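Novice: Starting from these lines, generate the structure:
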Amino acid sequence: MKSSEMTIGELAGRFGLPTHVLRHWESAGLLAPARQDSGHRRYGQAELRRVAMIHMGKEAGLGLRALRRLLSTDDPMDHADLLRGHVAELERRISQAQAAKDLIEHALACPLPFDECPHAHEQIDARIPS
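Specialist: Just a heads-up that it's a prediction; the model follows:
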């Protein structure tokens with residue numbers, strides 16, 4: 001084995017992942033490690049960087065299918081539609097999280113019990129379908 005190559009356990013350990021995650025990513029088409037004659041996987045610098053990119057994508061909220069599409073090309077703008085759609089979804093989730101934060105902060109500051117608070121009543125009434 002070349003000194004720059006890693007086993008699946010070594011690569012997984014670098015990222016604090018169980019080895020089955022790397023196997024799953026391989027089956028999902030995100031990784032394609034070299035194989036020894038014995039069939040053992042060998043990972044080099046390219047796979048090390050690829051795992052880091054997969055991590056970054058997952059932290060950004062992208063699923064494996066989207067990541068496979070994005071990583072299938074050297075230019076992410078080849079999939080600008082996917083990226084724009086994901087930005088819209090992130091904006092929606094940020095808006096929901098901000099509304100939840102505002103409601104909780106109001107509940108903490110309001111001197112009234114939640115079920116007596118006019119602000120809470122407005123929020124509750126806004127959630128009731130017509």
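Novice: can you count the residues close to residue 65?
Specialist: For residue 65, the count of nearby residues is 12 (other CB atoms under 10 Å). The C-beta positions use only the backbone N, C-alpha and C, and glycine is treated the same way.
Novice: Next one: the spatially most central residue of the chain from residue 17, what distance?
Specialist: Residue closest to the average C-alpha location in the chain (CA atoms, centre = their mean): residue 58, at 2.3 Å. Distance, residue 58 to residue 17, by CB to CB, to the nearest Å: 11 Å.
Novice: Repeat that for residue 74.
Specialist: Applying CB to CB, the value for residue 74 to residue 17 is 25 Å.
Novice: Look at those two and report which has more neighbours.
Specialist: Using other CB under 10 Å as the criterion, residue 74 and residue 17 rank with residue 17 on top: 15 against 6.
Novice: got a list of what residue 90 touches?
Specialist: 60-61 (CB atoms under 8 Å, 6 or more residues apart in numbering).
Novice: That one should be in a strand, yeah?
Specialist: No - counting by DSSP: H, G, I helix; E, B strand; the rest coil, residue 90 is not found in a strand; it is helix.
Novice: in what helix or strand does residue 120 lie?
Specialist: Under the criterion of DSSP states H and E, residue 120 resides in helix 118-127.
Novice: where's that helix relative to the chain centroid, distance-wise?
Specialist: Distance of helix 118-127 from its chain centroid, counting by CA atoms, centre = their mean, to the nearest Å, is 33 Å.
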